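# show me how the following folds:
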Amino acid sequence: MDRLKVLLTQQQIAKRVAELGAQISRDFEGESVVLIGVLKGATIFLADLARQLKLDATFDFIAVSSYGNSREQSGEVKLMKDVDQSMDGRNIILVEDILDTGLTLTYLKNLLLGHKPKSLKIAALLDKVSRRTQPIHGDYVGFEIPDEFVVGYGLDYAERFRNLPDVCILETDEETS
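Residues are numbered from 1 along each chain as shown. The predicted structure follows:
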């Protein structure tokens, strides 16, 4: 049996996403941006963030695999889907649900820099700084969180719990016994 403990409420998330949207709007005032969402986890964050932007914004998506159905990263990142349009000379904001070890985002940053953007920034809803193994940081970070396995607001465990409005710590019987 899985148990969920609320870490961040829907209201806390909405307030912080609005703040991030205002900051991005100021930083790119008068310019357009392409929000590139990392599938599937970042879709809810991307949608909410996009609605907060006072900019000309378009979307694209990229998909990678580094977890499978496990709670631990495999250590290998595989590109499953690249962007659909040219990023040459565009302002890219890579939108990710969680910045963890940095392995996935380092891979994606290097991949997207190969598309020759005008600028590349990273927006991450959550940041687990304590787990970082790669020297990468988010430019727009919602919350720094402890080293706990979290679900909800797009984050999943074996494709479950994405639809939860809050970010919750997932506790399993294995951990509590």
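
# how about the strands of this structure, start to end?
3-8, 32-39, 56-65, 78-81, 91-99, 119-127, 140-144, 150-151, 167-171 (DSSP state E).

# now the shortest one: mean pLDDT?
Strand 150-151 shows a mean pLDDT of 96 in the predicted model.

# same thing with the last one?
The average pLDDT for strand 167-171 rounds to 94.

# before we move on, what about the third one?
Here strand 56-65 scores 94 as its mean pLDDT.

# centre-most residue in the protein?
The centroid of the chain falls nearest to E96 when counting by C-alpha atoms, centre = their mean (1.5 Å).

# do I have it right that that one meets L39?
No. Checked against C-beta atoms under 8 Å, the pair E96 and L39 is beyond contact range at 10.4 Å. C-beta: built from backbone N, CA, C; applies to glycine.

# against I145, how distant is R131?
10 Å (C-beta to C-beta, to the nearest Å).

# and the two? which has more neighbours close in?
The neighbour count for R131 versus I145, taken as other C-beta atoms under 10 Å, is higher for I145 (19 against 15).

# neighbours of the residue nearest to the more buried one when sequence neighbours are not counted, just the number please.
Spatial nearest neighbour of I145, chain neighbours left out: L126 (5.2 Å); criterion: C-beta to C-beta, 6 or more residues apart in numbering. By other C-beta under 10 Å, 24 other residues sit near L126.
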